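Undergrad: pasting the sequence and the predicted coordinates here, then a few questions.
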Amino acid sequence: MRTIQLQRVHLPPALDSGNLDIVTDAMVRAVTRRKDGKAEGVIFVDRKTGAEHRVKARIVVLAASALESVRILLNSGVANSSGKVGKYI
């Protein structure tokens, strides 16, 4: 159900913009940040080859499941100044 909702809500507007690249068989490991702390891209692992890749983006949207979003945020060292990220899952 969530996959269908994601495909209906997030993907159509992004695809319509013409500014979307879809990478299949990839698992995001972390969000990368600039010196000012703002997101600048992601590090992902190709699930077929195990190769790690870094990509930069003008805008980074984290639209993973609740648990995956927490994992990515904690791996990235962002958004946990309160110590609450992942605490109540």
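TA: Great, that's in hand.
Undergrad: can you give me the strands for this structure?
TA: 26-33, 39-46, 52-56 (DSSP state E).
Undergrad: so what are the sheet partners of the first one and their directions?
TA: This points to strand 26-33. strand 39-46 (antiparallel) (DSSP bridges).
Undergrad: neighbouring contacts of the strand it pairs with?
TA: Here strand 39-46 makes contact (C-beta atoms under 8 Å, 6 or more residues apart in numbering) with 23, 25-34, 51-57, 60, 78. No exception for glycine: its C-beta is placed from N, CA and C like everyone else's.
Undergrad: recalculate using a threshold of 7 Å.
TA: 23, 25-34, 52-57, 60 (C-beta atoms under 7 Å, 6 or more residues apart in numbering).
Undergrad: pick out the residue closest to the middle of the chain.
TA: Leu62 (4.0 Å; C-alpha atoms, centre = their mean).
Undergrad: for it, which residues are in contact?
TA: Residues near Leu62 by C-beta under 7 Å, 6+ apart: 31, 69, 72.
Undergrad: tell me how far the second one lies from Lys35.
TA: Distance of Ser69 to Lys35, computed by C-beta to C-beta, to the nearest Å: 24 Å.
Undergrad: perfect, that will be all.
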